[in-house]
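# Structural data only, the sequence is not supplied:
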Ligand SMILES: *[C@@H]1O[C@H](CO)[C@@H](O)[C@H](O)[C@H]1NC(C)=O
Ligand SMILES: *[C@@H]1O[C@H](CO)[C@@H](O)[C@H](O)[C@H]1NC(C)=O
Ligand SMILES: *[C@@H]1O[C@H](CO)[C@@H](O)[C@H](O)[C@H]1NC(C)=O
Ligand SMILES: *[C@@H]1O[C@H](CO)[C@@H](O)[C@H](O)[C@H]1NC(C)=O
């Protein structure tokens with residue numbers, strides 16, 4: 001009798017919780033983002049590293065945060081030798097463990113480049129994709145690799161050469177996060193998108209339907225003219241970030257490298273799990289002016305968020321925007337940093353009521369150059385601290 005009563009009250013509580021969650025979801029379609037705190041995770045010059053660049057950020061299977069970047073040993077350019085650096089937070093971004101160099105590419109001239117981080121929520125595995133020899137500087141075979149972690153990003157496997165499966169075409173993933181399909185079609189599929197280098201540039205996605213054992217190229221949108229040197233105004237989809245909307249469609253927000261049509265972002269859609277993209281669905285979001293840079297999108301609790309340096313000419317003015325209608329219009333914006341600002345990425349910790357009122361931005365910033373710091377911003381969406 002006692003047990004039966006308990007069961008019934010548990011059911012009632014569950015139903016009430018479900019109702020209130022749905023109620024909150026339908027009402028919480030208003031956000032009021034404010035910056036709760038900001039801290040520098042990497043400072044160029046520290047630990048004998050010339051420059052830290054290319055921020056990646058994800059939640060982890062245990063509900064923590066993992067930040068990743070390129071530690072460019074000699075500073076400067078995209079090629080050159082690097083470490084792959086990580087930092088972890090187990091308290092929702094309050095404190096961060098000291099950095100770890102997960103990989104060292106040695107004295108190689110055209111070293112590792114990030115890249116994409118993907119969480120397989122079904123197998124609790126984190127993948128980091130990167131490539132080596134992405135610029136053909138004193139090398140002529142580009143290799144795509146991943147490392148993976150089964151313990152929340154604490155330890156990592158040896159690099160696996162994905163080029164054995166996909167070939168040695170240059171594929172510069174992201175930079176940003178990859179996704180796992182949560183809605184039909186292709187629930188469970190892992191997807192990461194990126195671009196190639198000129199002249200064969202364009203948007204390309206890699207897909208896995210077996211939790212990362214095998215990979216193949218899915219949808220692509222090639223540059224025009226393809227395999228030909230480009231001039232300003234050509235159609236060249238470049239660095240990109242995908243996400244999944246609740247109806248299972250995939251939206252990719254793409255760097256418009258040669259400013260085709262506008263100095264603004266390109267948006268591609270896929271309705272078959274990134275097996276294909278149709279140029280019919282391509283749109284240009286003229287609100288999202290862009291100096292040609294890697295930017296970020298995130299879909300969190302019914303709201304679409306976007307970050308980039310909000311300028312059509314310079315990497316300055318990091319700005320967060322939000323939309324209640326999947327980016328058809330933008331409802332508001334929050335200045336994050338008015339001075340030098342570069343690449344950015346975002347994440348949120350899912351399935352955690354306590355943390356769901358936050359999103360996290362990791363971005364390149366500085367006073368005199370955008371490559372001085374990688375800075376972590378914790379944004380409260382409810383307008384209170
Ligand atoms: C590729 O690189 C190797 C080693 O640097 C070199 O021996 C070879 O001639 C190169 N091949 C081409 C086609 O450039
Ligand atoms: C990775 O695999 C590809 C395809 O087999 C091969 O051509 C390439 O040399 C490999 N990369 C390295 C660094 O061994
Ligand atoms: C910076 O961004 C804001 C919007 O957040 C915009 O109003 C302003 O014009 C931008 N400033 C520059 C210098 O681009
Ligand atoms: C946003 O897209 C989803 C499909 O994922 C759709 O169900 C919803 O109606 C859209 N919202 C708006 C306001 O357009």
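Okay, I see it. None of these values were measured; they are calculated from a predicted model. Residues are numbered from 1 along each chain as shown. Ligands and ions are numbered 1, 2, ... in the order given.

# show me where the stretch 151-300 of the chain has strands.
Assigned by DSSP state E, counting those that start in this stretch, the strands in the stretch 151-300 of the chain fall at 160-161, 172-173, 176-177, 179-180, 190-195, 202-208, 216-222, 237-244, 250-256, 264-270, 283-289, 296-300.

# so what does the longest one touch, helix or strand wise?
Yep, that's strand 237-244 we're talking about. Helices and strands touching strand 237-244, by 3 or more Cβ pairs under 8 Å, 6 or more residues apart in numbering; DSSP states H and E, are strand 176-177, strand 179-180, strand 190-195, strand 202-208, strand 250-256, strand 296-300. For glycine as for every other residue, the C-beta is placed from the backbone atoms N, C-alpha and C.

# can you tell which of those strands is closest to ligand 2?
If you check each of the helices and strands packed on strand 237-244 against ligand 2 by Cβ to the nearest ligand atom, strand 202-208 wins as the nearest, at 14.9 Å.

# Contacts for the closest one, please.
For strand 202-208, the external contacting residues (Cβ atoms under 8 Å, 6 or more residues apart in numbering) are 129, 162, 166, 171, 173, 189-196, 214-223, 226, 236-237, 240, 242, 252, 254, 268, 270, 273-275, 277.

# Could you identify the buried members of these?
For the contacts of strand 202-208, a neighbour count by 16 or more other Cβ atoms under 10 Å gives the buried set as 129, 162, 166, 171, 173, 189-196, 215, 217-223, 236-237, 240, 242, 252, 254, 268, 270, 273-275, 277.

# would TSV of the helices and strands packed on strand 237-244 with distance to residue 307 and mean pLDDT be doable?
Compiled in TSV, these are given as follows (distance: least, Cβ to Cβ, whole Å; pLDDT from 0 to 100):
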stretch	distance to residue 307	mean pLDDT
strand 176-177	11	98
strand 179-180	17	98
strand 190-195	17	98
strand 202-208	20	97
strand 250-256	10	98
strand 296-300	5	97
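
# any chance of those strands in CSV, plus distance to ligand 4?
Formatted as CSV, those follow (distance: least, Cβ to the nearest ligand atom, whole Å):
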stretch, distance to ligand 4
strand 176-177, 18
strand 179-180, 14
strand 190-195, 16
strand 202-208, 18
strand 250-256, 9
strand 296-300, 9
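
# got those strands as a markdown table, with distance to residue 82 columns?
Below are these laid out as a markdown table (distance: least, Cβ to Cβ, whole Å):
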| stretch | distance to residue 82 |
| --- | --- |
| strand 176-177 | 18 |
| strand 179-180 | 26 |
| strand 190-195 | 18 |
| strand 202-208 | 22 |
| strand 250-256 | 22 |
| strand 296-300 | 22 |
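
# Looking at those, spot the one closest to ligand 3.
Shortest distance between ligand 3 and those, using Cβ to the nearest ligand atom, is found for strand 296-300: 15.4 Å.

# Now the spatially most central residue of the chain: closest residue in space that isn't a chain neighbour?
Centroid-nearest residue in the chain: residue 176, 2.4 Å away (criterion: Cα atoms, centre = their mean). When the adjacent residues along the chain are set aside, residue 176 lies closest to residue 241, with 4.2 Å between them (Cβ to Cβ, 6 or more residues apart in numbering).

# partner residues bridging that neighbour?
residue 253 (DSSP bridges).

# Pull up the per-residue confidence for the nearest residue to residue 118 once chain neighbours are set aside.
Nearest residue to residue 118, sequence neighbours excluded (Cβ to Cβ, 6+ apart): residue 178, at 3.3 Å. Per-residue confidence for residue 178 comes out at a pLDDT of 98.

# Number of residues surrounding the residue in the stretch 1-150 of the chain positioned nearest to ligand 2?
Taking Cβ to the nearest ligand atom as the measure, the point where the stretch 1-150 of the chain comes nearest ligand 2 is residue 143, at 3.8 Å. The tally of other residues near residue 143 (other Cβ atoms under 10 Å) stands at 19.

# separation between it and ligand 4?
Here the criterion is Cβ to the nearest ligand atom, to the nearest Å. By it, residue 143 lies 36 Å from ligand 4.

# quick one: that residue and residue 161 touch, right?
Yes: between residue 143 and residue 161 a contact is recorded at 5.9 Å, counting by Cβ atoms under 8 Å.

# who's in contact with the spatially closest residue to residue 114 that is not a sequence neighbour?
Closest residue to residue 114 in three dimensions, ignoring its sequence neighbours and counting by Cβ to Cβ, 6+ apart: residue 54, at 4.5 Å. Under the criterion of Cβ under 8 Å, 6+ apart, the contact partners of residue 54 comprise 69, 70, 113, 114, 115, 175, 294, 343.

# Out of these, name the ones that lie in strands.
69, 70, 113, 114, 115, 343 (DSSP state E).

# Apart from its neighbours in sequence, what residue is nearest the fifth one?
To tie it back to what came earlier, the one meant is residue 115. residue 130 (4.0 Å).

# do you know how far the one you found is from residue 368?
29 Å (Cβ to Cβ, to the nearest Å).

# out of the two, which sits in the more crowded spot?
For residue 130 against residue 368, the residue with the higher neighbour count under other Cβ under 10 Å is residue 130, and the figures read 30 against 8.

# Can you tell me who the more buried one pairs with across the strands?
Beta-bridge pairing of residue 130, defined through DSSP bridges, involves residue 114, residue 145.
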